[in-house]
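Asks: the following block contains a protein sequence and its predicted model.
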Amino acid sequence: MFDWKWEFVWEILPRLVQATGNTLIAAGAGYGIALVLGLVLAIAQRTPYRLLTFVVRELVEFIRSTPLLLQIFFVFYVGPQFGLRLSPWMSGMIAIGLHYSCYLSEVYRGGLDSVPRGQWEAATALNMTVVQKYRRIIIPQAIVPAVPGFGNYLVGIFKDTPMLSVIGVAELIHTANAIGSEHYRFLEPYTLVGLIFLAISLPAAGMIKVFENFVRRRMGMK
Amino acid sequence: MSLFEFVMQYWPRLLVGTGMTVAQFFLAAILGIVISLAMGLLKLAPSRPMRAFAITYIEIFRGTSLLVQLYWIFFVLPLFGFSIDKFTAGYLAVGMNIGAYGAELVRGGILSVPKGQWEAALAINMTPAQRMRRIILPQALVNMLPPWGNLMIELLKGTALVSLISVADLMFETKQINGSTFLSAQAFGAALIIYYVLARFMVTPFMRWLERYMARKMGRA
């Protein structure tokens, strides 16, 4: 069919599988950064310091409404101008982690807002410190309604990793480009990359639904 | 060189790039809205093959990356005999991608119209097409406009990817300027600000206005 060569597929598949590993590592590491930083950004918007709240709010809006691709270039090229040389992986993780931390901060914010006021008051009545309140009472309850949001962005970050190819992170698309220009054949590499993405993101979306139900049951919310 | 000096020197190229970004945005938005409507309606169609077609489309475009879709359309489609220039490939990929996300919004919007409205339209003897066009879709539109605002921002951000197939948009011009001057902070900083202004002061206010306008038209203001 359309000059599709199976021998070529078998020849390049090992390289693509290896690149899939890199893609998953990039998505996982970026997501890890985003999870931590997102919580920080969400809580920073709930402090009594008006100026901090305002600055963080605007920063989140700014990062959310500008292209990730541009941010990746920014992090990668602006560092060296000031003497800070970052590897492609390093800058890629910073850019994608920062970008998604802004999305996740909105998810956290929704979760935190959904915790009833009475819980805060009860925690205050028990003489808990702010840290204790967040850690023991508020955050555990805020996480449950936020699980679907977290799941969607996990799949989202996975699908955005191809942008890291532009600064030379050897993930799927970067590898497919390399194979394509070595062999002058683009049909198989790009089609396989598409299929690999489908094969991972569709089951992942299903698994996230299952996990969501599990968490709900576990927390006695259903 | 300060950001201000940089913009004073390179504004013509930034402006041309922004023009291309805006053109890609509009074409992709039109295509995306048409596809959203078609796929959203097909996903609710009574016929099984039609539903299957819509589901396949939506899952393929939502399950893979926009960048993969763009490369596939630009580099692989010509091998099947469909040669398209980079400008068309750019907005085609972005629009088709957004269409898949929009289809879910259309579907959700249509399902959110109360059952009584469907029954009332049936009771006054409207054909299914009339019912959809006059009764259901206008109400669905009002319900689904708020998430469309976010989707339009995603669309604007998505157009930056067309620079990777050498469409001379804002992203592309910025990269070129950076390549010849090495003024990275100024070049990428200026582009970030332009994208932000487009999103925050053009797209978002327009969508808010559209929400209010539609709500007023429907007597819900």
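Replies: Received the coordinates, thanks.
Asks: which residues touch the nearest residue to A:H183 once chain neighbours are set aside?
Replies: Ranked by CB to CB, 6 or more residues apart in numbering or on different chains and with sequence neighbours excluded, the top spatial neighbour of A:H183 is A:F8, at 7.2 Å. Where you see a C-beta, it was placed from the backbone N, CA and C, and this is true even at glycine. For A:F8, the contacting residues are A:183, A:185, A:188, taking CB atoms under 8 Å, 6 or more residues apart in numbering or on different chains as the criterion.
Asks: now these: which count as buried?
Replies: Applying a neighbour-count criterion of 16 or more other CB atoms under 10 Å in any protein chain shown, the buried members of the contacts of A:F8 are A:185, A:188.
Asks: export the contacts of A:F8 as JSON lines, with columns for distance to A:W4 and secondary structure.
Replies: Putting the contacts of A:F8 into JSON lines (distance: CB to CB, whole Å; DSSP: H, G, I helix; E, B strand; the rest coil) gives the following:
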{"residue": "A:H183", "distance to A:W4": "14", "secondary structure": "helix"}
{"residue": "A:R185", "distance to A:W4": "10", "secondary structure": "coil"}
{"residue": "A:E188", "distance to A:W4": "7", "secondary structure": "helix"}
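Asks: quick one: list the elements packing against the host helix or strand of A:E121.
Replies: Using DSSP states H and E, A:E121 sits in helix A:117-125. Contacts defined by 3 or more CB pairs under 8 Å, 6 or more residues apart in numbering or on different chains; DSSP states H and E place helix A:117-125 against no helix or strand at all.
Asks: and that helix, what's buried?
Replies: Buried residues in helix A:117-125, defined by neighbour count with 16+ other CB under 10 Å: A:A123.
Asks: report all helices and strands that the helix or strand containing A:F54 contacts.
Replies: A:F54 is part of helix A:50-64, with elements assigned from DSSP H and E. Under the contact definition 3+ CB pairs under 8 Å, 6+ apart, helix A:50-64 sits against helix A:6-44, helix A:88-114.
Asks: so where is chain A shaky, pLDDT-wise?
Replies: When residues are selected by pLDDT under 70, those of chain A lie in A:1-2, A:220-222.
Asks: quick one: end-to-end length of stretch B:105-118, please.
Replies: Using CA to CA, to the nearest Å, one end of stretch B:105-118 lies 19 Å from the other.
Asks: work out the gap between that stretch and the centre of the chain.
Replies: Counting by CA atoms, centre = their mean, to the nearest Å, stretch B:105-118 is centred 22 Å from the centre of its parent chain.
Asks: pLDDT (mean, whole number) over that stretch?
Replies: If you average the pLDDT over stretch B:105-118, you get 94.
Asks: where's B:S83, which helix or strand?
Replies: With the criterion set as DSSP H and E, no secondary-structure element contains B:S83; it sits in neither a helix nor a strand.
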